[in-house]
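> Dropping the sequence and predicted coords here.
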2 protein chains.
Amino acid sequence: MSYVLEDSPALLLVDIQEGLSLHQDYYGGTRNNPDAEANAGKLLDHWRAQGWPIFHIQHCSTENSSPLRPGQPLHNFQEVVKPIGGEPIVQKSVNSGFIGTDLEKQLRGADITQVVVAGLTTDHCVSTTTRMAANLGFDTLLVHDATATYSKEGHNGETYPAQLVHDTAIASLKDEFATVVSVEEILTVEPVEK
Amino acid sequence: MSYVLEDSPALLLVDIQEGLSLHQDYYGGTRNNPDAEANAGKLLDHWRAQGWPIFHIQHCSTENSSPLRPGQPLHNFQEVVKPIGGEPIVQKSVNSGFIGTDLEKQLRGADITQVVVAGLTTDHCVSTTTRMAANLGFDTLLVHDATATYSKEGHNGETYPAQLVHDTAIASLKDEFATVVSVEEILTVEPVEK
């Protein structure tokens, strides 16, 4: 695998909110990769240490019963990735971080051409945000071990385990939309000047 | 499964071009559902008979080696879904039918609120177009047996067969982004007034 990490790529942390860890019943399945949040926290620490741009994307569900509805206690960001200082928070009400938000405008305004995506869940909001980032022309990296998802039931009635949903979702994103990397790879690669 | 088919939903036929059937080697894998194109043709015949709106989405690759690059013989629509008369063709150069095109504007201009998606490939352009349609607020139906895809290699080196990639991609879209239906269901359901 080869890729170039630019100097000052943007980190997009997608929906790492308490409801997506602490209210698994709502999502109707079992989850994979319990380390996703801690790994996203490692990315965040690294980005802060480097002084690179960070965008905290927060899902604001319009569903009455959703734990991610604003005002619900589990709507908050998880402790390990809580925004500090003036780090921008991008609130959205659909899966894509780019629809109904000014995320694209903020990225272009800051002359950002490369984004690194992590968060929850792999095949819903992370996949949709990754696809749109790539289709909008951003060089897009996806950090596979800083994402996680839930098992899913297919239209054929079959249940697909969370790890399989995660792995196939990433296989569909790989190369077509994003360069797929691990946290360790990101933390150790030497960035280059744009 | 329950859903309402509106009177005059739009059919979005995604990338049913010769290159995606006749140049499988380029896509580096094996394909599932050889009936996808014929099934999409049945949808198209039905839409024409009903006089409902149809949008032919055509991928115009900017990759030199792609069979879907304009000017290449396999860039053409497959015979079974060839546009006729003034049926609109929406040309795109990325996965989403909504990025770099006026598809959203055309749908809103025609007061269309429901879209039915079929085409190639399930987990790339069909999935991305379905996700964006839903996130832009269109009531979105996905016709599972009028789509198909290729096997994929994961970041872990594992190969996922085309049918599994197809099924898990649809499981991730189901309910979150789209109501998943079969061609037969669409052809036999009674539409209701908006």
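Nice, thanks for sending it over.
> Write out the residues of chain A neighbouring chain B.
A:94-96, A:99, A:123-124, A:127-128, A:131-132, A:134-136, A:144, A:152-156, A:158, A:160, A:164-165, A:167-172, A:174, A:176-177, A:180 (Cβ under 8 Å from any Cβ of the partner chain). All C-beta atoms are positioned from the backbone trio N, CA, C, and that covers glycine.
> Out of the residues you listed, which sit inside helices?
Using DSSP state H, the members of those that fall in helices are A:127-128, A:131-132, A:134-135, A:164-165, A:167-172.
> For the longest strand anywhere in chain A, the averaged confidence score.
When chain A is parsed with DSSP state E, its longest strand is strand A:139-148. The average pLDDT within strand A:139-148 is 98.
> Then stretch A:179-194?
Averaging pLDDT along stretch A:179-194 yields 91.
> circling back: restrict the residues of chain A next to chain B to the buried ones and give me that as a ChimeraX selection.
Selecting only the buried entries of these in ChimeraX, with 16 or more other Cβ atoms under 10 Å in any protein chain shown as the criterion:
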select /A:94,95,96,99,123,124,127,128,131,132,134,135,136,144,152,154,155,160,164,165,167,168,169,170,171,172,174,176,177,180
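> what about stretch A:108-116, how long is it end to end?
End-to-end span of stretch A:108-116 (Cα to Cα, to the nearest Å): 15 Å.
> one step back: relative to helix A:127-135, how tilted is the longest strand of chain A?
Relative orientation of strand A:139-148 with respect to helix A:127-135: 170 degrees, computed using axes from the mean of the first three to the mean of the last three Cα atoms, to 10 degrees.
> Output the contacting helices and strands for strand A:139-148.
Applying 3 or more Cβ pairs under 8 Å, 6 or more residues apart in numbering or on different chains; DSSP states H and E, we find strand A:139-148 packed against helix A:36-50, strand A:114-120, helix A:127-135, helix A:162-173, strand A:179-181, helix A:183-188.
> List the pairing partners of the shortest one within its sheet, with orientation.
With DSSP bridges as the criterion, the sheet partners recorded for strand A:179-181 are strand A:139-148 (parallel).
> where are the low-confidence patches of chain A?
Applying pLDDT under 70 to chain A flags the ranges A:1-2, A:22-28, A:194.
> The same query, at a cut-off of 50, please.
Judged against pLDDT under 50, chain A has no low-scoring part.
> Make sure A:F177 is actually in contact with A:G137.
No - using Cβ atoms under 8 Å, A:F177 is not in contact with A:G137; the gap is 11.8 Å.
> before we move on, the earlier item: output the helices and strands packed on strand A:139-148 as TSV; include the columns distance to B:N39.
Shown next, in TSV, are the helices and strands packed on strand A:139-148 (distance: least, Cβ to Cβ, whole Å):
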stretch	distance to B:N39
helix A:36-50	38
strand A:114-120	34
helix A:127-135	25
helix A:162-173	21
strand A:179-181	32
helix A:183-188	41
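> Tell me who's in contact with the residue lying closest to A:Y150 once chain neighbours are set aside.
Nearest non-adjacent residue to A:Y150, counting by Cβ to Cβ, 6 or more residues apart in numbering or on different chains: A:G29, 3.9 Å away. Going by Cβ atoms under 8 Å, 6 or more residues apart in numbering or on different chains, A:G29 touches A:150-153, A:159, A:162.
> so of these, which ones are in strands?
A:152-153, A:159.
> and which of those is nearest to chain B?
Lowest distance from chain B to the ones in strands among the contacts of A:G29 (Cβ to the nearest Cβ) belongs to A:K152, with 3.9 Å.
> Any idea what the closest one is bridged to?
With DSSP bridges as the rule, A:K152 is bridged to A:Y160.
> and it, what does it touch?
By Cβ under 8 Å, 6+ apart, the neighbours of A:K152 are A:29, A:123, A:159-160, A:165, B:168, B:171-172, B:174.
> and A:G71, what does it touch?
Going by Cβ under 8 Å, 6+ apart, A:G71 touches no other residue.
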